[in-house]
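Novice: I would like to see how this sequence folds:
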Amino acid sequence: MGEYPNVLRVMLVDDHPVVRAGYRRLLELESDLQVVAEHGDVDTALEALADLPAGGLQVVVVDLAMPRRSGLDLLREVGQRHPAIRVLVFSMHDNAAIVAEALRLGAAGFVTKGSAPEELVQCVRRVMAERAPVLSSDLAARHVLQQHRDEEPLTLKEMEVLRLLAAGDSVQAIAEALQLSPKTVSNYQTVLKHKLGAGTAIELLRHARERGYVA
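Specialist: Here you go, the predicted model:
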């Protein structure tokens, strides 16, 4: 296990201001943690990251369910553009498939919002000190990754299509939003039904909610 810096600089990304304010206060009670930025959506967070000097930030704490683009989009972008920054997911979703997908996309750890407050503090430190993925104790106790081992994961694009379907968007609207053809979106819908074991669009959304892919 390595040593973490004397002060860890943290960015918070969550679309609920009250939630951000709460865990900002929680983190800043610690002398070795400093919240240097907070954002309510992925796009503004990525813009801010692009303007930060090298070494100006160590950890991003991000929710998954946000408007327009999800925390999974941020994970992908940070992994490509800012590989030195560690991303800790802090989400109400504790489904094994969601956790596994976040870690596959490069999350350094995953903490559920049902965890004790001190766990978030500990995990912010741990993602800098440990190379293996960090899980909050409720996830670790359930061996959540082992549970998901035999399920076929969704790709990032499948997750994007599923999220827009759950929001009630039409195939045409999704095609325009993701710059795909309507036929390609329909093909994604078919693949999603197969992976989630759904026969109809209604069943697809029900299974997606049951497994925690969408709220």
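Novice: and the nearest residue to A50 once chain neighbours are set aside, what pLDDT?
Specialist: Nearest-residue entry for A50: R81, 7.4 Å, with adjacent residues in sequence omitted and distances by Cβ to Cβ, 6 or more residues apart in numbering. All C-beta spots, glycine's among them, are computed from the backbone N, C-alpha and C. You'll see R81 listed with a pLDDT of 92.
Novice: and what of R149?
Specialist: With respect to pLDDT, R149 has a value of 50.
Novice: picking up where we left off before, list the contacts for the residue nearest to A50?
Specialist: Contacts for R81 (Cβ atoms under 8 Å, 6 or more residues apart in numbering) come out as L46, L49, A50.
Novice: identify each buried residue in the helix of greatest length in the chain, please.
Specialist: Looking across the chain with DSSP state H, the single longest helix is helix 182-196. Going by neighbour count (16 or more other Cβ atoms under 10 Å), the buried part of helix 182-196 is T184, V185, Y188, Q189, V191, L192, K193, K195, L196.
Novice: neighbouring contacts of it?
Specialist: Helix 182-196 is contacted by residues 152, 154, 157-158, 161-162, 165, 171-172, 174-175, 178, 180, 198-201, 203-204, 207-208, 211 when judged by Cβ under 8 Å, 6+ apart.
Novice: keep only those of those that are in helices.
Specialist: Among the contacts of helix 182-196, the members falling in helices are 157-158, 161-162, 165, 171-172, 174-175, 178, 201, 203-204, 207-208 (criterion: DSSP H).
Novice: ranges for the helices of this structure?
Specialist: The residue ranges that make up the helices of the chain, judged by DSSP H, are 17-28, 42-51, 71-81, 96-104, 117-129, 137-141, 144-148, 156-166, 171-178, 182-196, 201-210.
Novice: out of those, the one nearest N6 is which?
Specialist: helix 117-129 (11.5 Å; Cβ to Cβ).
Novice: how about that closest one: buried residues?
Specialist: Judged by neighbour count using 16+ other Cβ under 10 Å, the buried positions of helix 117-129 are E119, L120, V121, Q122, C123, V124, R125, R126, V127, M128.
Novice: closest one of the residues you listed to A141?
Specialist: Proximity of the buried residues of helix 117-129 to A141, judged by Cβ to Cβ, is greatest for E119, which lies at 12.1 Å.
Novice: picking up where we left off before, reformat the buried residues of helix 182-196 as a markdown table; add pLDDT and distance to L135.
Specialist: Output for the buried residues of helix 182-196, formatted as a markdown table (pLDDT from 0 to 100; distance: Cβ to Cβ, whole Å):
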| residue | pLDDT | distance to L135 |
| --- | --- | --- |
| T184 | 90 | 35 |
| V185 | 91 | 34 |
| Y188 | 88 | 30 |
| Q189 | 89 | 32 |
| V191 | 86 | 29 |
| L192 | 89 | 26 |
| K193 | 86 | 30 |
| K195 | 82 | 24 |
| L196 | 81 | 24 |
